[in-house]
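Student: Quick check, what structure comes out for this input:
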Amino acid sequence: MSVSDQTGAYMAEQPWSFYEVWGPSYWMSDDARVPGSPCSLRCDSGGSSAVPWTRAAGPNGAGNVSRNESYGDWAAFSDFYNYNPVNYLRTPQEKYSFTMNSNYEIMDGINFFTEVLYSHTESVRLIAAEPLAPLVFFGYPAPYSKDNYYNQQFGPKFSLTGEVDEDGDPTWVLDPNGETADLNDWRRRMLETGGRRDDRDTDVYRFVLGLEGTFDNGMNWTAFYNYGRNDADVISSGYFNLEKVAEAVGPTHFNAAGELKCGADEDTTISDSCVPLNIFGEGSVTPEMLQYISGDWNSYTMGANKQKNYGFTISGEIAAVDNLSFAAGYEFREDSGGTLNDALILQGITTAGSSLNTSGSYEVDDLFVEFLYVRDALEVSVATRYSDYSTFGDTTNSEIGVQYALNDMVTLRGTFSEAFRAPSVPGLYGGTFLSYPTADDACDDNTASGGTAPANCQAQGVPATGFVSSVVQIPTLYGGNPDLQPESSESYTVGAVIDPIDGLTVTVDYWKIDIEDAIGTVGTTDLIAFCATDGLFCDKTIRFQEGDAQGQIIRVIDTNNNVGTETYSGVDIGVIADLPEVFGGELTYEAEATYNEETQVITGFGTVVEDLAGTNSYDYGMYTRWRANSSLNWNKGPLNVLVMNRYIHGQTDMVDDFWTTGEEYTEIPDVLYTDVRVSYTTDDYGTHTVGVNNITDEEVPFVPSAFNANSDLENYDTLGPVVFYRFNYSF
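Tutor: Below you'll find the predicted structure:
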């Protein structure tokens, strides 16, 4: 049984993540820096255009206006909102799990065995308060009416310039003595909610029972049944009902009692419970306003995946052939799963996004056989598996391995194998959902004031004179695809095991893997660029066709697909050494290193070739050339001391985003982490371990392509030295 409790940590707690950093930014000087950030070239403290002090696009020619961070007079928009500090860097999590294994001899030669596992996890995701921008961020028209009382009292005012634009339309200018205008593109960071919060509960169950024994001829056999289930419930709060927002920012009137109400007059069909929304001022959103548009609209999603399988295996030596043994068997597996959303998510009327209820399953029958021949210095293994899927048909995949000892010091080995990976149930049947990755709009060429937009962009609705995108995170629809096909692969390894002296073993293996019909997504940036430059996949990018937001992206569709091929090759090196005793204790050293020779991804259905070895990027992540782990272990009786090192070789980071004029490359430095732990095992009170991870407090590298936290959170330690205590007790 295990219990863990992980506390949350905010980005505000680390100087390198306090600001989102845009760099290298083409508009900044070379020596521009951001406080606390290791960014070292043209650095800008970025942020969001959806600000607590409200930003609005004025009528034709007036530009974007705001009261800016000082909440002063209306002026040209200039102050972005820094949302990083209130985001979790590490999410709080409570987890407990229970595992039990048992084995009971029910008669001579036959054992009954069981395995039981249960785990429960509660976690919280908290990110910055909703950037409420109905039109541009969510594709939902909710104009802030010029007949809304709060707009009239506190909103920006505009007047005609007496001039016209190139289309002959009159132009406007910000003027405190002017008139109120309809605000189609308005944006406000809704700090009053306390942030967007997802409370997630996950339960995992697994139960195995079986029989195993030995026949009279010496053959071993096993029969088993396995059932596993994973349930997840998510409650999302801090989001907004866009229908209610549109009502609350529309025209208002005073009723006979002198109360401000939604709707143009008392004959309105809008519910009397509607509370007009005031976005113009610090703390201007009252609890009553918030309740109407957000508080009553928490959403709920439930998902489950199940697996049932049973099988029978037999193994042993083949009496008719010396030195030959085998294993064979049959397995049946059924995978199923589904997602159930509440009505708000199904209808897509909240800013939490939209998704469909989905469910699906498939079955597979497997037959397999393996042979192992061992004679003197030679060892040969051959295996094959036949699989019949209810959804994809049948496939046969095989593997062969050879190992030969040249002498007492050198053993050569190699393998060749075929593999087949069927899509998971969520990959096939998972509901679609909106997410907001940072991406570059290839149709945004900064020519809104003149020039010519590419023809493919114009065909999508982009103005002929071009436009400037107003969003950094582009709404993208992800999810399952029932037409997804399996991916297949071939791989081989060639290597050697070397024992030059007693107590020292060195292994060297070269490997290569080729994957066909790789399952994945194309990527938001690439899908947009394919349309803009090549006229491909234009149906995947949906834009506004008219109005203030003409040309802006409503959403990009990037659901699962068989997107291309992948090739990986490299070298694995291992060392195990028994060292001389120190202070009467045994000392051992182990090290493993991997060299990434090639990582090539051909995606976009063959249109994009990416050579990723030694690189880092937002779309593909980190593919460093070298990784290594080592450990120095000292053991004396009940006392154990372990010193571990984790090495990540530097990479070349590539970023091509709105703050660059093209691809920008930054060299990320090497990082070496050192972890130390001391354990003491007692006879009656278990094992006690105290340790420190990253004891040398290595600096977190700045990764320009990383979103939000400015670094690669999956690969680097982000919280400095972490001290922990662990207690293990077995019975």
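
Student: When you work out contacts or count neighbours from here on, use the C-alpha atoms and nothing else.
Tutor: Will do.

Student: Output the below-cut-off pLDDT ranges for this structure.
Tutor: In the predicted model of the chain, residues 445-451, 731 satisfy pLDDT under 70.

Student: Check the offset of the strand or helix carrying E597 from the chain's centre.
Tutor: Secondary structure from DSSP states H and E places E597 in strand 585-603. In terms of C-alpha atoms, centre = their mean, to the nearest Å, the gap separating the centre of strand 585-603 from the centre of its chain is 24 Å.

Student: in that strand, what counts as buried?
Tutor: Using 16 or more other C-alpha atoms under 10 Å as the test for burial, strand 585-603 gives 586-603.

Student: Restrict the next helix or strand after that strand to CA atoms and write it as PDB.
Tutor: The helix or strand immediately downstream of strand 585-603 is strand 608-611, counting by DSSP H and E. Output of strand 608-611 as PDB, limited to C-alpha atoms (Å, rounded to 0.1, in the frame of the first residue of the first chain):
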ATOM      1  CA  VAL A 608       6.900  17.700 -44.300                       C
ATOM      2  CA  VAL A 609      10.200  16.100 -43.500                       C
ATOM      3  CA  GLU A 610      11.700  16.900 -40.100                       C
ATOM      4  CA  ASP A 611      15.200  15.900 -39.000                       C
END
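
Student: So which residues make contact with the helix or strand following strand 608-611?
Tutor: Counting by DSSP H and E, the next helix or strand C-terminal to strand 608-611 is strand 615-617. With contact meaning C-alpha atoms under 8 Å, 6 or more residues apart in numbering, strand 615-617 is reached by M622, Y623, T624, Q651, T652, D653, M654, V655, S705, A706.

Student: Just the buried subset of those residues, written out for ChimeraX, thanks.
Tutor: Provided next is the ChimeraX selection string for whichever of those are buried by 16+ other C-alpha under 10 Å:
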select :622,623,624,651,652,653,654,655,705,706
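
Student: which ones among the contacts of strand 615-617 are found in helices?
Tutor: Within the contacts of strand 615-617, no residue falls in helices by DSSP state H.

Student: and which of the contacts of strand 615-617 is nearest to G337?
Tutor: M622 (30.9 Å; C-alpha to C-alpha).

Student: and the nearest residue to the closest one once chain neighbours are set aside, what are its bridge partners?
Tutor: Nearest residue to M622, sequence neighbours excluded (C-alpha to C-alpha, 6 or more residues apart in numbering): N616, at 4.3 Å. Beta-bridge partners for N616, by DSSP bridges, are M622, D653.

Student: what's the burial count for N616?
Tutor: Neighbourhood size, N616 [other C-alpha atoms under 10 Å]: 27.

Student: The one 4 residues further on too?
Tutor: When neighbours are defined as other C-alpha under 10 Å, Y620 has 12 of them.

Student: Let me see the backbone angles for it.
Tutor: Per-residue torsions, Y620: phi -120, psi -20 (degrees, to the nearest 10).

Student: Next: N357.
Tutor: Dihedral pair for N357: phi -70, psi 130, per degrees, to the nearest 10.

Student: same question, I345
Tutor: Backbone phi and psi, for I345 under degrees, to the nearest 10, turn out to be phi -70, psi -40.

Student: what ranges do the helices span in this protein?
Tutor: 134-138, 149-154, 242-248, 287-290, 343-347, 425-429, 455-459, 524-529.

Student: With distance to Y729 and mean neighbour count as extra columns, can I get the ones you listed in TSV?
Tutor: Converted to TSV, the helices of the chain look like this (distance: least, C-alpha to C-alpha, whole Å; neighbours: other C-alpha atoms under 10 Å):
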stretch	distance to Y729	mean neighbour count
helix 134-138	52	23
helix 149-154	64	18
helix 242-248	53	22
helix 287-290	50	16
helix 343-347	45	17
helix 425-429	37	22
helix 455-459	64	18
helix 524-529	48	22
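
Student: Adding distance to S40 as columns, could you present those helices in JSON lines?
Tutor: As requested, these are exported to JSON lines (distance: least, C-alpha to C-alpha, whole Å):
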{"stretch": "helix 134-138", "distance to S40": "32"}
{"stretch": "helix 149-154", "distance to S40": "42"}
{"stretch": "helix 242-248", "distance to S40": "41"}
{"stretch": "helix 287-290", "distance to S40": "42"}
{"stretch": "helix 343-347", "distance to S40": "43"}
{"stretch": "helix 425-429", "distance to S40": "40"}
{"stretch": "helix 455-459", "distance to S40": "35"}
{"stretch": "helix 524-529", "distance to S40": "26"}
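
Student: Can you say which of the ones you listed is nearest to S489?
Tutor: With distances scored as C-alpha to C-alpha, the stretch of the helices of the chain nearest to S489 is helix 425-429 (18.5 Å).

Student: ok, residues contacting the closest one?
Tutor: Contacts of helix 425-429 (C-alpha under 8 Å, 6+ apart): 305, 335-338, 358-362, 479-484, 560.

Student: The same query, at a cut-off of 10 Å, please.
Tutor: For helix 425-429, the external contacting residues (C-alpha atoms under 10 Å, 6 or more residues apart in numbering) are 303-306, 335-339, 356-362, 422-423, 479-485, 519-520, 559-561.

Student: Narrow the residues you listed to those in strands?
Tutor: In strands, judged by DSSP state E, the following of the contacts of helix 425-429 are found: 303-306, 335-339, 358-362, 519-520, 561.

Student: returning to that earlier point: closest to Y510 out of the helices of the chain?
Tutor: In terms of C-alpha to C-alpha, the element of those nearest to Y510 is helix 425-429, at 31.7 Å.

Student: Give me the distance between the closest one and the centre of its chain.
Tutor: Centroid separation for helix 425-429 versus its chain: 17 Å, with C-alpha atoms, centre = their mean.

Student: got it, and stretch 365-374?
Tutor: Remark: stretch 365-374 is offset 37 Å from the chain centroid, using C-alpha atoms, centre = their mean.

Student: Then stretch 661-669?
Tutor: How far stretch 661-669 lies from its chain's middle: 22 Å, per C-alpha atoms, centre = their mean.

Student: repeat for stretch 704-721
Tutor: The answer for stretch 704-721 is 13 Å, by C-alpha atoms, centre = their mean.

Student: Show me which parts of that stretch are buried, residue by residue.
Tutor: So stretch 704-721, judged by 16+ other C-alpha under 10 Å, has buried residues 704-712, 716-721.

Student: D203: neighbouring residues, count only.
Tutor: Using other C-alpha under 10 Å, D203 has 17 neighbouring residues.
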